[in-house]
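**Q** the sequence isn't on hand, but the structure is:
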RNA sequence: GGGCAAGUGGCGAAGUGGUAACGCAGCGGACUGCAAAUCCGCGAUGCACCGGUUCAAAUCCGGUCUUGCCCUCCA
C-alpha cells in the first residue's frame, strides 16, 4: 500500500513519500491573469485540487500554494489596449478567476502569492545568482547562464547540446548562449518597474515561482505541479535558478504534469482560437458536470472536448448523483439507532460497500487514477441502488443504521473528488409564464385548480403536480400524461417514484 | 530534425505478464397505467501493424505506421 505517483523528474512512477511524515507541501503554477480562464486552464486547477483533497482524505496536512502571475507582457499589452493600469487589470481578472474556480469547487490555496508583491525576494535571488557568477548583466537585463548550471535539462530530458542544436533562429543577441533566460528585464517606458542594482526593471517570468515557492514552502518541498507545456522552459528554468541559488538539490521532490484539453485532437489554446471560456460553459452546464468531465480520464492523458462530451458527462454524473439522492431520501430525518439484528443480505451488502471503498482508494493511491476511482463509485452506486430498490427491502432500524453509514461514506468519497451535487437548480421566474399557461388550460376542467393562482413558479408547479397526482389516482391517464408532456416542453421533467412525484429541470 | 507521450468494442476510457473494468449510446427482459429512474442480461475470439521472448503478452523486446505535445508566450 501507499501512494504512488509518476514523477516527471525521474520519468518513473515512484512511492510518494512526503519530506515530513503526514505533511505535504504543494506548489502549482497558477494563471497569468489577463483574461477569463478557459477549459484548458481549468484542468490543472481541478486536477491538483483533487490531488490535494485526496491527500487530505488520506490524513495529510497539506500546505497548498498557487501563484498569480500579475506582471507579464500579455498583461501589459492588454492593459494598454484597455487603457488600464496593468496591476489593476491583473487584479480584476484575479477576481474573475476566483468566481470560476469557486464554482468548480476548487478550494482556495493557503496562499495565493502574486509576483508583484514579491519583488524583494526575487531581487535577492538575482543578486545572489549574479554574485555566484551564474548570472550576467547586459544593458540593464540580467540573464541566467545555463552553461554555468550543471544539470540543465534534467527535467525535460534533454542535453544542452541537443537543445542548442534545436534552438530557433532569432536569438536575442544580448544572450551569451541561446538558451540563457532573463531573470530581470530593464524597464521600458510606461511599464511597471521596480528599482534594482541594474536600474529600473521587472522580474522575468520564471523567477517568481522559484522565489515564492521557496518562501512559502521552503526549499525542497514535496510536489510541484502544472501543465505539461510548462516542463520546458518554465519548470526547467525554475529548477536551474533555485538550485543554483541554494547550491543544493532538489528544488522540488516530485513533479506532476497534467495533459492538455484538446479540441478535435488539437491543443485548446488562446493562440489557436479554439478555446471555450469556463464562464460561458457554466451558462449551460452545472459546475459539477464540468468538473466530472475533467476528472473522467487520467490526469496525464490528453482530454478531447467535443460536442457530445459534456452531454455524456452529464448522464454519467447524474447516475452518481441519483444514488446519493436515493440514499438521502431513505435516511433523511431518520434516527440512527443501532438496534436489532442485521439480515445476512444486509451484512453482505455492507461488506461489498467496504470492498468498493478499498477499490476507490487503491485506484487513487496509484497515481491519482480518478477514472478508475469513478468506476469504483459506479460499482458502489449500483450496489446501493439494487439494495434499496429491491422488492424485499425493509428499512428496519438496523438497516437504516447501515444506510446512514453508507451514505456518509459515499458522500465523503464524492466530496473527495469535489463532486457533491450542488443545490438543486431553482425554478427561475422564466418558467412561471409557461407553467401558468398549462394551468390556465385546465380552467374548463371544473374544480381542478384553486380559485387564485400563485405568482411563484415553484408553488405553481406544486399545484400542477398535485392536480396530476389526483388525476392519476382517478386513473385519468389522459390528463396526467398531457400535463407531464406539457411540462416537459417547458423544460420540467416529472418522475413518478414510489415515494411520490419528483421534478427536475432538463 | 531532436525530446516526450499515446494508438483498447459505435463513442469515451481503465488495465503494464495469467487470459479485456467502468461510463455513454444500442438491443432484450424486469418494474411502471405509460414514461422516467432503477435492476438483470447481451456486445471487443481480440487491444494500430509485423516479428520476437515466454508455458502464458493488450501488457516485455525489436521494427513499421499513425496521432498529439514540447523544442517560442501558453495550463
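**A** Alright, I've got the coordinates. This structure is a prediction, so every number in the text was calculated from the model and none was measured.

**Q** buried sites along stretch A:268-279?
**A** By 16 or more other CB atoms under 10 Å, the buried positions in stretch A:268-279 come out as A:268-269, A:274-278. For glycine as for every other residue, the C-beta is placed from the backbone atoms N, C-alpha and C.

**Q** so how far is that stretch from its chain's centroid?
**A** Using CA atoms, centre = their mean, to the nearest Å, the distance from the centre of stretch A:268-279 to the centre of the chain it belongs to is 17 Å.

**Q** about what we covered before: now, which of the buried residues of stretch A:268-279 sits nearest residue A:157?
**A** The shortest separation between residue A:157 and any of the buried residues of stretch A:268-279 is 23.0 Å, and it belongs to residue A:269 (by CB to CB).

**Q** OK, contacts around the closest one?
**A** Contacts here follow CB atoms under 8 Å, 6 or more residues apart in numbering; on that basis residue A:269 touches A:40, A:275.

**Q** so what pLDDT did it get?
**A** You'll see residue A:269 listed with a pLDDT of 87.

**Q** what's the answer for the one 5 residues further on, then?
**A** At residue A:274, the model reports a pLDDT of 89.

**Q** that one and residue A:174: what is the separation?
**A** Distance, residue A:274 to residue A:174, by CB to CB, to the nearest Å: 35 Å.

**Q** before we move on, what about residue A:407?
**A** With distances taken as CB to CB, residue A:407 is found 64 Å from residue A:174.

**Q** compare these two (neighbour count), which wins?
**A** residue A:407 (19 against 14; other CB atoms under 10 Å).

**Q** the more buried one and residue A:329 touch, don't they?
**A** No: Residue A:407 is beyond contact range of residue A:329, at 10.3 Å (criterion: CB atoms under 8 Å).

**Q** roughly how far does the closest residue to RNA strand B within the stretch 151-300 of chain A sit from residue A:161?
**A** Taking CB to the nearest atom of the strand as the measure, the point where the stretch 151-300 of chain A comes nearest RNA strand B is residue A:227, at 1.7 Å. Between residue A:227 and residue A:161 the computed distance is 27 Å (CB to CB).

**Q** now swap in residue A:146 and tell me
**A** 12 Å.

**Q** ok, these two, which is more surrounded?
**A** Between residue A:146 and residue A:161, counted using other CB under 10 Å, residue A:146 has the larger neighbour count: 24 against 9.

**Q** buried sites along stretch A:23-38?
**A** By neighbour count on 16+ other CB under 10 Å, the buried set for stretch A:23-38 is A:24-38.

**Q** the nearest residue to residue A:286 once chain neighbours are set aside: how many residues sit nearby?
**A** Of all residues beyond its chain neighbours, the one nearest residue A:286 is residue A:422 (6.3 Å), with distances taken as CB to CB, 6 or more residues apart in numbering. Here the count is done by other CB under 10 Å, and residue A:422 has 12 residues near it.

**Q** just want the phi and psi numbers for residue A:422.
**A** With angles defined as degrees, to the nearest 10, residue A:422 shows backbone torsions of phi -80, psi -180.

**Q** so residue A:19, which state does it fall into?
**A** Each residue gets one of three states, and residue A:19 gets coil by DSSP: H, G, I helix; E, B strand; the rest coil.

**Q** least confident secondary structure element in chain A?
**A** Counting by mean pLDDT, DSSP states H and E, the weakest-scoring helix or strand in chain A turns out to be helix A:160-166, with a mean of 72.

**Q** can you narrow the buried residues of stretch A:268-279 down to the ones near RNA strand B?
**A** A:268-269 (CB under 7 Å from any atom of the strand).

**Q** export the buried residues of stretch A:268-279 to TSV and tack on distance to residue A:141 and secondary structure?
**A** Putting the buried residues of stretch A:268-279 into TSV (distance: CB to CB, whole Å; DSSP: H, G, I helix; E, B strand; the rest coil) gives the following:
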residue	distance to residue A:141	secondary structure
A:268	33	coil
A:269	28	coil
A:274	35	coil
A:275	32	coil
A:276	37	coil
A:277	35	strand
A:278	36	helix
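
**Q** any idea how far stretch A:330-341 is from the chain center?
**A** Distance, centroid of stretch A:330-341 to centroid of chain: 35 Å (CA atoms, centre = their mean).

**Q** so which bits of that stretch are buried?
**A** Buried residues in stretch A:330-341, counted by 16+ other CB under 10 Å: A:330-331.

**Q** what does that stretch contact?
**A** Contacting residues not belonging to stretch A:330-341 are listed as A:388, A:395-398, A:400-401, A:403-404, A:407 [CB under 8 Å, 6+ apart].

**Q** what's around the residue of the stretch 151-300 of chain A closest to RNA strand B, how many residues?
**A** Residues lying near residue A:227 (other CB under 10 Å) number 20.

**Q** after the helix or strand hosting residue A:407, next one along is what?
**A** Residue A:407 belongs to helix A:397-416 when elements are defined using DSSP states H and E. Once the chain leaves helix A:397-416, the next helix or strand it forms, by DSSP H and E, is helix A:432-440.

**Q** so how far is that next one off the chain centroid?
**A** That offset, for helix A:432-440, works out to 39 Å (CA atoms, centre = their mean).

**Q** same thing with stretch A:419-429?
**A** The offset between the C-alpha centroid of stretch A:419-429 and the centroid of the whole chain comes to 19 Å, using CA atoms, centre = their mean.

**Q** need the residues of the stretch 101-250 of chain A near RNA strand B, please.
**A** Counting by CB under 7 Å from any atom of the strand, the residues of the stretch 101-250 of chain A that sit close to RNA strand B are A:156-158, A:162-163, A:166-168, A:205, A:226-234.

**Q** could you identify the buried members of those residues?
**A** In those, burial by neighbour count holds for A:163, A:205, A:226-228, A:230-231, A:233-234, counting by 16+ other CB under 10 Å.

**Q** lowest-confidence entry in these?
**A** In terms of pLDDT, the weakest of these is residue A:163, which scores 76.

**Q** need the contact list for that one.
**A** Applying CB under 8 Å, 6+ apart, the residues contacting residue A:163 are A:153, A:179.

**Q** how much space separates it from residue A:350?
**A** Between residue A:163 and residue A:350 the distance, using CB to CB, works out to 58 Å.

**Q** circling back: among the buried residues of stretch A:23-38, which are within reach of RNA strand B?
**A** If you filter these for contact with RNA strand B, counting by CB under 7 Å from any atom of the strand, you are left with A:29, A:31-32.
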